[in-house]
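> After the sequence you'll find the predicted model.
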Amino acid sequence: MLLCASLTTLAACGGEDTTTESAPPAASAPASPTTSAAEPPSPSAAAVTKSDKELCEATKQIGEEMKASVVKVFQGDAAAAPAAFGKILTDLDQKMTALAASGGDGAVTAGLKQFAAESAKAAKAADPVAAADNPTFEKVGTDLTAACKAAGVDVNF
């Protein structure tokens, strides 16, 4: 019930913003067959990582998208809610896993990975809301919120 209350609170704080922006696609240029040995294309691209602040700003956007989805669930058919919450949690898992892959080795990246893992576990349950209502999920959300606060970005998970 804690997650349900948290999701309800997040949804209530969401305001009327119903924009559905998605993260921009990852920029990747195809390797040219004429690339010289002095300029390897992939190591330089792989070496670029997002800062904790950039990760948290993206995390905040993911949270806002989640809030909009939760509002839609509450406005829809109650019988469809478990499946809808499962989809929301699956989306969180996928987005946070992809975001964590672009980060370094800091607390924010660790928090994203842990939150994604807990989201995935709950999403697979018969009742995702009940499955997400556990102390471990609450702790990883609190840890991610604290890591982003330390990076200068206010998020609430």
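The structure has been received and is ready for your questions.

> Tell me where this protein has helices.
Here the chain has its helices, by DSSP state H, at 2-13, 41-47, 52-75, 81-101, 107-123, 128-132, 135-150.

> Now do the shortest one, average pLDDT.
This means helix 128-132. For helix 128-132, the mean pLDDT works out to 91.

> can you pull the buried residues of that helix?
Buried residues in helix 128-132, counting neighbours by 16 or more other Cβ atoms under 10 Å, are found at 128-129, 131-132. In this view, the C-beta of every residue, glycine as well, is placed from N, C-alpha and C.

> same check, this time on the fifth one
For helix 107-123, burial by neighbour count (16+ other Cβ under 10 Å) applies to 108-123.

> ok, for Pro82, nearest residue in space, not its chain neighbours?
Asp127 (5.6 Å; Cβ to Cβ, 6 or more residues apart in numbering).

> I'd guessed that neighbour sits against Ala81; true?
No - counting by Cβ atoms under 8 Å, Asp127 does not reach Ala81; the two are 9.6 Å apart.

> Which of those two has more residues huddled nearby?
Ala81 (17 against 13; other Cβ atoms under 10 Å).

> Now do Ala45, the pLDDT please.
pLDDT at Ala45 comes out at 45.

> Show the contacting residues for Ala125.
Ala125 makes contact with 86, 131, according to Cβ atoms under 8 Å, 6 or more residues apart in numbering.

> how near is it to Glu65?
Distance, Ala125 to Glu65, using Cβ to Cβ, to the nearest Å: 22 Å.

> which stretches of the chain have low pLDDT?
The model of the chain has pLDDT under 70 over residues 1-47.

> let's go with 80 and repeat that
Residues of the chain meeting the criterion pLDDT under 80: 1-48.
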